[in-house]
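**Student:** Structure for the following, please:
(one chain, ligands or ions: 3)
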Amino acid sequence: MRFDYVWLRDHCRSASCYNSKTHQRSLDTASVDLCIKPKTIRLDETTLFFTWPDGHVTRYDLDWLVKNSYEGQKQKVIQPRILWNAKLYQQAQVPSVDFQNFLKTNDELKKFLQNFLLYGIAFVENVPPTREHTEKLAERISLIRETIYGRMWYFTSDFSRGDTAYTKLALDRHTDTTYFQEPCGIQVFHCLKHEGTGGKTLLVDGFYAAQQVLQKAPEEFELLSKVPLKHEYIENVGECHNHMIGVGPVLNIYPWNKELYLIRYNNYDRAVINTVPYDVVHRWYIAHRTLTTELRKPENELWVKLKPGKVLFIDNWRVLHGRESFTGYRQLCGCYLTRDDVLNTARLLGLRA
Ligand SMILES: C[N+](C)(C)CCCC[C@H](N)C(=O)O
Ligand SMILES: O=C(O)CCC(=O)C(=O)O
Ligand SMILES: [Fe+2]
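**Tutor:** Ligands and ions are numbered 1, 2, ... in the order given. Next up is the predicted model:
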């Protein structure tokens, strides 16, 4: 491990530099001499002591330094995950949780969140098929993220909004709200009614597919993580007028450990590519094709028929969804959740997120 002297001065946890009640820094970092060097350094069994030129003393537990060093973080993932294809997911036999237990006990909520964090999808069963109960369920986990579609949305194939979701047509795998600067973190689906045929839901682990790309063609993975693209939503239907633009690469990775944390994939909503120079664009299409080929492999497709009472939570930063075309009357309700608050709940329950 290597530490910079300014870093060591900046992270001083003494009472005058750090408020341990609020967990906030009191030290004004801009007041630290950028050429600062300690006058003396002393080490005992567990602790490293620095005396700075002005006489201030900083002490670090060696354990704390190990935990907080760049070298330590580089080898750790922020969020442990189990990547899956259809067979792996089915073999894992992930249990659904029961609505009543989920509302009543923190243990059930924790079990649910643990599975959700590991697999990027999770189910709650025996939910009364109403909008109010679905809302109550969502609120148990997080804050609902209100968007142009409303707080709780409720939709059928009536084309009340200018989007293919509001028809009976099939929808290929995609993530939602790619046209937001921060795509919605979690999507909740509850099918309240379906009198007809078809309409199965498709789920694909985008991170599993991306991992295949990384193994087979690392330079293509890299390109997909570097090239920024626009996605766009333009709507002029009835009273609804919207124009949303979101910019970002298809694969988003943390630079220090190369961990993938967000996939933005929606071929319907991808805007005109005008952010990519001529000599890169063709290579980008090749890389996009490789990823699409992985995403479309039948063995990666998990198909489920959503039924009243069974609520599906999808990590919209990881798992793609789609649907089969359908006939008859089909009513879906749900909402988006704010990702920060889902992760907050998970951390408060002792989970790593
Ligand atoms: C119906 N519901 C509100 C869930 C989603 C509508 C959003 C559809 C859009 N094409 C997208 O993929 O973001
Ligand atoms: O109708 C469905 O099952 C899903 C449609 C969809 O992709 C969406 O609402 O985001
Ligand atoms: Fe969607």
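**Student:** How many residues are close by the residue of the stretch 1-150 of the chain found nearest ligand 1?
**Tutor:** Residue nearest to ligand 1 within the stretch 1-150 of the chain: residue 149 (3.7 Å; C-beta to the nearest ligand atom). C-beta coordinates here come from the backbone N, C-alpha and C atoms, glycine included. If you count neighbours by other C-beta atoms under 10 Å, residue 149 ends up with 21.
**Student:** Roughly how far does the residue lying closest to it once chain neighbours are set aside sit from ligand 2?
**Tutor:** Nearest non-adjacent residue to residue 149, counting by C-beta to C-beta, 6 or more residues apart in numbering: residue 161, 7.2 Å away. From residue 161 across to ligand 2, the span is 10 Å (C-beta to the nearest ligand atom, to the nearest Å).
**Student:** Number of residues surrounding residue 161?
**Tutor:** By other C-beta under 10 Å, 18 other residues sit near residue 161.
**Student:** That one in helix, strand or coil?
**Tutor:** Using DSSP: H, G, I helix; E, B strand; the rest coil, the structure places residue 161 in coil.
**Student:** hmm, back to that, any idea of the pLDDT on the residue of the stretch 1-150 of the chain closest to ligand 1?
**Tutor:** Residue 149 is assigned a predicted lDDT (pLDDT) of 96.
**Student:** do the same with residue 291
**Tutor:** For residue 291, the model assigns a pLDDT of 99.
**Student:** could we number from 57 for the rest of this?
**Tutor:** Let's use 57 as the start, then, which means that last one is residue 347.
**Student:** from what I can see it touches residue 267, true?
**Tutor:** No: assessed by C-beta atoms under 8 Å, residue 347 is found out of contact with residue 267, at 10.7 Å.
**Student:** who has more neighbours, those two?
**Tutor:** residue 347 (22 against 15).
**Student:** Can you name the residue of the stretch 107-256 of the chain nearest ligand 2?
**Tutor:** residue 221 (3.9 Å).
**Student:** show me the contacts for that residue.
**Tutor:** With contact set as C-beta atoms under 8 Å, 6 or more residues apart in numbering, residue 221 has these partners: 211, 227.
**Student:** three-state assignment of it?
**Tutor:** Under three-state DSSP, residue 221 falls in the helix class.
**Student:** try residue 195
**Tutor:** helix.
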